[in-house]
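K.L.:
build the 3D model from these lines:
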Amino acid sequence: MIAVVGIGNPLRADDGAGPRAAEFLRCSLPEERVSVVASPCDPGRLFDAVDGCEAAFILDACTGGEPGEVHVWAGDPRGLAHSLQAHHFSLSDGAGAASSHGFGLVHAIELGCSLGALPPRLWVVAVSGSSFELGEPMSRPVRLGAIRAAWCVIGEVSQWLSD
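P.N.:
Residues are numbered from 1 along each chain as shown. You can find the predicted model right below:
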């Protein structure tokens with residue numbers, strides 16, 4: 001089984017990119033082999049979604065880059081946390097204490113590695129955002145970026161399933 005998890009808060013403008021991409025994927029991937037979860041919750045709930053999976057795709061928003069730009073990191077979860085930190089992926093420092101990222105994705109991956117709670121292969125697909133204000137709509141570039149991120153996941157999942 002492969003897990004696809006969209007993380008973020010749709011009520012916080014561009015932070016909703018992960019759940020939006022996951023919703024697009026819900027009807028685009030084979031249900032018998034892929035579990036898709038759109039979680040407007042914090043990344044700490046990631047472990048339940050990936051439990052028992054051979055691979056996982058995490059969709060989220062990030063800071064940096066042009067709004068709507070799609071970033072992909074893939075590999076062993078232990079190496080990904082370092083790569084994500086180098087990209088300043090965690091939104092917890094910029095979005096405030098009320099953010100859905102109070103427990104950031106990097107920390108969730110680090111904890112998951114320590115607990116042995118992550119699959120051996122992990123992809124993080126992130127869309128650059130610029131506004132994370134509560135009550136604001138998602139920007140057009142990020143809406144389009146979420147669709148591009150979903151297509152990226154479709155390609156990777158198709159390749160993974162064919163191997």
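
K.L.:
next SSE downstream of the helix or strand of the chain with the lowest mean pLDDT?
P.N.:
Each helix and strand of the chain was given a mean pLDDT (mean pLDDT, DSSP states H and E); the minimum falls on helix 92-95 at a mean of 39. Next along the chain after helix 92-95, taking DSSP states H and E as the criterion, comes helix 105-115.

K.L.:
who does the next helix or strand after that following helix pair up with?
P.N.:
The element immediately downstream of helix 105-115 (helix or strand, assigned by DSSP H and E) is strand 121-128. Strand pairing for strand 121-128, using DSSP bridges, gives strand 55-62 (parallel), strand 70-75 (antiparallel).

K.L.:
and the longest one, how far from the chain's centre?
P.N.:
Relative to the chain's own centre, strand 55-62 is displaced by 2 Å; criterion: C-alpha atoms, centre = their mean, to the nearest Å.

K.L.:
quick one: average confidence on it?
P.N.:
If you average the pLDDT over strand 55-62, you get 94.

K.L.:
equivalent analysis for stretch 68-85, please.
P.N.:
Stretch 68-85 comes out at a mean pLDDT of 86.

K.L.:
now do the same end-to-end measure for it.
P.N.:
End-to-end span of stretch 68-85 (C-alpha to C-alpha, to the nearest Å): 20 Å.

K.L.:
and what of stretch 21-30?
P.N.:
End-to-end distance of stretch 21-30 (C-alpha to C-alpha): 16 Å.

K.L.:
that one: which residues count as buried?
P.N.:
Neighbour-count burial for stretch 21-30 flags 21-26, 29 (criterion: 16 or more other C-beta atoms under 10 Å). No exception for glycine: its C-beta is placed from N, CA and C like everyone else's.

K.L.:
ok, which of the strands paired with strand 121-128 comes nearest P120?
P.N.:
Evaluated with C-beta to C-beta, these place strand 55-62 nearest to P120, the distance being 7.6 Å.

K.L.:
could you give the angle of that closest one to helix 105-115?
P.N.:
Strand 55-62 and helix 105-115 are oriented at 150 degrees to each other (axes from the mean of the first three to the mean of the last three C-alpha atoms, to 10 degrees).

K.L.:
for the residue positioned nearest the centre of the chain, which residues are in contact?
P.N.:
For the chain, the residue nearest the mean C-alpha position is L59 (2.1 Å; C-alpha atoms, centre = their mean). If you count contacts by C-beta atoms under 8 Å, 6 or more residues apart in numbering, L59 has them with 4-7, 17-19, 21-22, 125-127, 146, 149-150, 153.
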